[in-house]
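*Asks:* Got a sequence here, can you model it:
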Amino acid sequence: MLPRRILLGAVLGVLTGAGHAASPSFDCKRAEGQIEQMICKDDTLAKLDKETTRLYGLALDARSMSTSRKKTLLAEQRGWIKGRNDCWKASDARACTTAEYIDRIHLLRQNFAGPRTQDAKGITRGPFSVRCPGADALILATFVQTEPGYAYLTWLDKKLLLSQTRAASGARYAATTDAGEAMFWDKGPEAQFELPGKPAMTCRVEAPE
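*Replies:* Below is the predicted model:
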């Protein structure tokens, strides 16, 4: 089972996309452990690693950040790396690693201004504010441009990672949760969001500040 602190359900298509690997942020000749070795052989994971490192560097480089906050960020990153490497214990190590990267990307973009300043150089956008009439809270959405692409939604204590699927227009994402199928269909300023057993909601998507 995947860590429930990261996912509500299994990600559709998470086992696809492995192929000729891009270069991650670290030296693959010095890769340690099962997870780092897997990242070096997987194009999508390598791209996620490079993007996470890029965003982390932008966050750490902020001149306004206090020394104590930098120490906290350094400790958080070390802790996150340990958690990522522990994905070898998961029943699906690749899905776990993917989820760990995207969760970290979302948090870096959400909590620090620096990571949102150079989007043209990266593969992620967000978090966008998604306002859905009838929803119990504001939803934050981060999008990842890999193959397949991903949408990561968080609200209250819930986190949902969806994989991009084919669509005639816009960008459609889906995931299979314990309760059934979830769907998020991004159509620019609007989106359709549907959770298992609940009616579809038409939502407004607002760009991050």
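
*Asks:* What ranges does this structure have for its helices?
*Replies:* Taking DSSP state H as the criterion, the chain contains helices spanning 33-40, 43-60, 67-85, 93-111.

*Asks:* Tell me the helices and strands packed up against the first one.
*Replies:* In this structure, helix 33-40 makes packing contacts with helix 43-60, helix 67-85, helix 93-111, judged by 3 or more CB pairs under 8 Å, 6 or more residues apart in numbering; DSSP states H and E. From N, CA and C alone the C-beta is placed, and that goes for glycine too.

*Asks:* that older thread, any chance of the helices of the chain in CSV, with mean neighbour count, distance to Ala22 and mean pLDDT too?
*Replies:* CSV is the format used below for these (neighbours: other CB atoms under 10 Å; distance: least, CB to CB, whole Å; pLDDT from 0 to 100):
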stretch, mean neighbour count, distance to Ala22, mean pLDDT
helix 33-40, 18, 10, 96
helix 43-60, 21, 4, 97
helix 67-85, 13, 17, 96
helix 93-111, 22, 13, 97
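
*Asks:* Format the ones you listed as JSON lines; extra columns: distance to Arg166.
*Replies:* As requested, these are exported to JSON lines (distance: least, CB to CB, whole Å):
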{"stretch": "helix 33-40", "distance to Arg166": "27"}
{"stretch": "helix 43-60", "distance to Arg166": "18"}
{"stretch": "helix 67-85", "distance to Arg166": "30"}
{"stretch": "helix 93-111", "distance to Arg166": "20"}
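
*Asks:* right, so of those, which gets closest to Leu140?
*Replies:* Taking CB to CB, helix 93-111 is the member of the helices of the chain nearest to Leu140, at 6.5 Å.

*Asks:* Mind giving me the packing neighbours of that closest one?
*Replies:* Taking 3+ CB pairs under 8 Å, 6+ apart as contact, the helices and strands that helix 93-111 lies on are strand 9-11, helix 33-40, helix 43-60, helix 67-85, strand 124-131, strand 139-144, strand 150-155, strand 158-165.

*Asks:* Quick one: end-to-end length of stretch 63-71, please.
*Replies:* For stretch 63-71, the first-to-last residue distance is 14 Å (CA to CA, to the nearest Å).

*Asks:* Use 727 as the first number for this chain going forward.
*Replies:* All right, first residue 727 from here; so that's stretch 789-797.
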